[in-house]
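Student: Take a look and give me a structure for this.
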Amino acid sequence: MPPLPLRSSRSVPLVKSSRSRAFHFFCMVSAFFAWSTLPALAAAPPIGENAYCGKGNVAQFGAKDGPAELPKACYYTALDGTPSPGKQIRVAAKSDLATAIEGAKCGDTLLLAAGASFDVTVLPAKKCDDQHYITVRTDTPDSKLPPEGTRISPAWAGVASLPGRPPFAQPSGGPAKLLATLVARRPEGVSVGDHIRFIGIEWTTPPDANIGRIVTADHGDHVIFDRNWIHPADGSEVGHGLAVISGSHMIAIINSYIGGLNCVARTGKCTDATAIGGGRGDEPISTFKIYNNFLESSGENIMFGGGASTINPTDIEVRRNHLFRPMLWREGEPGYTPAASGHPYIVKNDFELKSAIRVLFEANLLENSWGGFSQSGYSILLTPKNQNTKSGSFVCPLCQVTDVTIRYVRISHAAGGIVMATAVDTAHGDPALAGARWSIHDVVIDALSKKYGGHGTVFEIMNAWPKNALNNVTINHITAFPDPAGIMMTMGNLAQNAPMYGLVFTNNLVTISQYPVWDAIGSSGSCAHADVPVTSIANCFTTYTFSNNALVATPPAFPPSKWPTNNMFPESAKDVGFVNFNNGNGGNYELQPNSPYKNKGTDGKDLGADIVGLNAALANVE
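Tutor: Numbering: from 1, shown residues only. Alright, predicted model coming up:
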């Protein structure tokens, strides 16, 4: 697969630009304290499947990234730590797979004929152990499958390409039917058991059945989906690919391809499609690995929370995934292809958390998010939510989104970047429990545009809770470009008796656009004052550090005197010294050696994202 287009040989001229500013001793001390809590990664993150997890499920994430705790539990998914040392048992086409699993012993491998299909509903739990996994796999030999740790594609099921999707890897001899196919015959999805690994499996639905979900890992324990292709039948409206809703523990989806999940506007049977989602219910759920997958859904590619729950999903690792939806699904785009009814698919976000604790979201590529339905096209949402019901009762008072790390990520072609909000479900809603300790660094956000049905805003930060307000948000080493007629950052607080606190915004390199720091609420009593960024930030956050940023092309109406002290104000992108700005759309945002912002971070690094590290982190993710 080709590398991501973050580098270019083209250079742009450099013009001297920065205006130096002094700041008083108190600000210096405050800034030093805030900077001392920032992450100090010396190099790009590792790319291996088990880079943060040793054999025996020994977590190696480290303790914290800035204010955020990192996951405390992990799932070691390599074959050498999840063995099936027993017999190999061939399963004939059209056999009852559940019966075959029931008759197998822990540690056995079931070989399903490549190209054959099996109707499935419920696969039994065997109560096996960590040294005796049951493996269910195609009988295609390993030599003809992608090697362990490598992503599979639909080409291994005989599909050479899919319209509007990026090109994908192919078998050495060209597309061929090398997978076994499991056809979901249960509307709520095929349930899986425990200590089971699926290799080289295609999961799909019958074209004539009302299936809402393809696979469910509810009550699943130690389940690995390795090199699988999960998709609905052509033309079928199926909302969910893999669900981890209640009682799920140690679930991994790795090296796989999930696509085609959709809900149809106005005439459809669902409103919120997800490739991977869940995190609800009354039974604890924890320890998820989502690694090296292509994930596509019209609603959210990944979402945790969003329904009745008395628990929070914990310890979630999401690394090296391509979160995507085709522009063929967007009205007005060349080649737009609506659903069979003639209506568009309901599009929301790429990644959303409504309930989650200790999440690492690292080295992911997010593309194509637009508004026009119930969302305004932001790519990432961190929004702890106490959902309500039609009767007005509330179903998740303990929901929280806490200790979230987002690093070495690229967001492109969206109506907005990242929303961070503690909001209520309706005007009469109740708050959830907490939204706190979020660390965001080494992220590129480009190609934002109002044409995608939003405001082209990089960040929205908002609180509506009368207590437990949003707090401790660190945004560090970001390179970002809002729509030129859009907004760099919006802020708001509907609960003045519960002000937000603990914002750190440092070492960033952002263009300012027409509106710098604006009101997110649009109503009287909000903390944001649209004409004075320093006033808005101080009103919205009782404690904050907003310094050592390069604020590019600041409009004349917002001179340095209207900003917090100790920031830099290059007059244009040319003055920054990017290798290739390319109008903030797919450029190479590495700084030239003579850029005035080279090594100007408080940690000695370049301002903005670590582009070299980001390239390395995202190698072969697309």
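Student: What are the neighbouring residues in contact with the spatially most central residue of the chain?
Tutor: In the chain, the centroid-proximal residue (Cα atoms, centre = their mean) is residue 351; its distance is 3.9 Å. By Cβ atoms under 8 Å, 6 or more residues apart in numbering, residue 351 lies in contact with 300-303, 318, 323, 361, 364, 366, 379-381. (C-beta placed from N, C-alpha, C; glycine too.)
Student: Let me know the closest of those residues to residue 259.
Tutor: Nearest to residue 259, judged by Cβ to Cβ, of the contacts of residue 351 is residue 301 at 9.7 Å.
Student: The one helix or strand in the chain whose mean pLDDT sits lowest: what's the following helix or strand?
Tutor: Within the chain, confidence by mean pLDDT, DSSP states H and E is lowest for helix 25-36 among all helices and strands, at a mean of 38. Helices and strands here follow DSSP states H and E; after helix 25-36, the next one along the chain is strand 53-54.
Student: that older thread, now the residue nearest to the centre of the chain: how far from residue 191?
Tutor: Going from residue 351 to residue 191 by Cβ to Cβ, to the nearest Å gives 26 Å.
Student: sorry, back to before: mark which of the contacts of residue 351 are part of strands, please.
Tutor: Using DSSP state E, the subset of those located in strands is 300-303, 318, 323, 361, 366, 379-381.
Student: Dump those residues to TSV, plus pLDDT, neighbour count and distance to residue 138.
Tutor: Below are the ones in strands among the contacts of residue 351 laid out as TSV (pLDDT from 0 to 100; neighbours: other Cβ atoms under 10 Å; distance: Cβ to Cβ, whole Å):
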residue	pLDDT	neighbour count	distance to residue 138
300	96	28	30
301	98	35	26
302	98	30	26
303	97	27	30
318	98	24	27
323	98	29	26
361	98	26	31
366	98	27	31
379	98	27	35
380	98	30	35
381	98	23	37
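Student: What residues does residue 239 make contact with?
Tutor: When contacts are counted by Cβ under 8 Å, 6+ apart, residue 239 touches 212-213, 261-263, 269-270, 272-274, 299.
Student: As a check, name the ranges of all helices in the stretch 451-600 of the chain.
Tutor: Secondary structure of the stretch 451-600 of the chain (DSSP state H, counting those that start in this stretch): helices located at 533-540, 573-576.
Student: If you count neighbours, what's buried in the first one?
Tutor: Neighbour-count burial for helix 533-540, counted by 16 or more other Cβ atoms under 10 Å, picks out 533-534, 536-540.
Student: just to revisit the earlier point, which of the helices of the stretch 451-600 of the chain has the lowest average pLDDT?
Tutor: Lowest mean pLDDT of those: helix 533-540, a mean of 93.
Student: Which other helices and strands does that one contact?
Tutor: Secondary-structure packing of helix 533-540 (3 or more Cβ pairs under 8 Å, 6 or more residues apart in numbering; DSSP states H and E): strand 487-493, strand 515-519, strand 544-547.
Student: Not counting it itself, show me its contacts.
Tutor: For helix 533-540, the external contacting residues (Cβ under 8 Å, 6+ apart) are 461, 491-493, 499-500, 503, 516-519, 527-530, 544, 546, 558, 562-564.
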